[in-house]
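J.: Fold the following, please.
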Amino acid sequence: MEDDVDMARQAYEDVTDLDDMKKRLKEMKMKQLLCVRCRPKVEKEMGSVQDPGTSGAAQANRKVDSRSAFVGNVDYSCTPEEVQQHFQSCGTVNRVTIRTNKFGQPKGYAFVEFLETQAVPEALLLNESELHSRQLKVSAKRTNVPGMKQFRPRRPNPYVGYPSRTPYVARNPYFYSPYGFGKVPWFRMPTRYSPYF
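T.: Residues are numbered from 1 along each chain as shown. As a prediction, the model looks like this:
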């Protein structure tokens, strides 16, 4: 008799546990629905918070780039002060940046930033002028566009060597190779499209 009572009590507890689990499952589904409904609002708010910072930085870069000029073919012994003196006639120079490699040696080009945007067209007039007996190439600095990196195919390893070109092998002994014995034509591999070439 006690076994029957224990089994009934166990069945009752199982039913209450099952009811509790169903209630919890229903609550979880309601929370999930609320999250799904609130997600666009949160994403919109987060996006509106993040966008001004990133667009502000991009806008500042565009403003600086509109006041800057690229100077190519700069002599390696040239100092920023000499470049500044050369472009002083165009307007007030804010900063001169001569790019260097990882060893600190100049790469041969510089960026000149002016205080006014009107100085850039005047700096373009100094194109092909001479500094340290080298002809400078002056152009307006362009703003980098994300995602426009030029594709560079992978170079073969110089230590391994190129794959061997096997001659044309005919299955029929009476059929001769159209290119001659042991000769294979060189076919150029198609390259990826690049808008700059």
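J.: all contacts plus neighbour counts: C-alpha atoms, from now on.
T.: OK.
J.: where does this structure have low pLDDT?
T.: 1-15, 46-56, 146-197 (pLDDT under 70).
J.: where along it do the helices fall?
T.: Secondary structure of the chain (DSSP state H): helices located at 2-66, 80-86, 119-124.
J.: Give the bridge partners for residue 135, please.
T.: Beta-bridge partners recorded for residue 135 (DSSP bridges): residue 130.
J.: Could you pull out the buried residues of stretch 89-98?
T.: Within stretch 89-98, the residues scored as buried using 16 or more other Cα atoms under 10 Å are 90, 91, 93, 96, 97, 98.
J.: ditto for stretch 74-90
T.: Buried, per 16+ other Cα under 10 Å, within stretch 74-90: 74, 75, 83, 84, 87, 90.
J.: Include distance to residue 116 when you put these into a markdown table, please.
T.: Below are the buried residues of stretch 74-90 laid out as a markdown table (distance: Cα to Cα, whole Å):
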| residue | distance to residue 116 |
| --- | --- |
| 74 | 23 |
| 75 | 26 |
| 83 | 17 |
| 84 | 15 |
| 87 | 13 |
| 90 | 10 |
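J.: how about those, which pair is most distant?
T.: 75 and 90 (20.3 Å; Cα to Cα).
J.: Just the endpoints, please. Distance across stretch 99-113?
T.: Its first and final residues considered, stretch 99-113 spans 14 Å by Cα to Cα, to the nearest Å.
J.: Give me the residues contacting that stretch.
T.: 64-65, 67-76, 84, 93-98, 141 (Cα atoms under 8 Å, 6 or more residues apart in numbering).
J.: how about it: buried residues?
T.: Buried, per 16+ other Cα under 10 Å, within stretch 99-113: 106, 108, 109, 110, 111, 112, 113.
J.: how about the spatially closest residue to the fourth one that is not a sequence neighbour, what does it touch?
T.: With Cα to Cα, 6 or more residues apart in numbering as the measure, residue 98 is the residue that lies nearest to residue 110, at 4.2 Å, once sequence neighbours are left out. By Cα under 8 Å, 6+ apart, the residues touching residue 98 are 79, 80, 106, 107, 108, 109, 110, 111.
J.: Just give me the closest of these to residue 34.
T.: Of the contacts of residue 98, the one sitting nearest to residue 34 (Cα to Cα) turns out to be residue 111, at 53.3 Å.
J.: Check the gap between that closest one and residue 43 for me.
T.: 39 Å.
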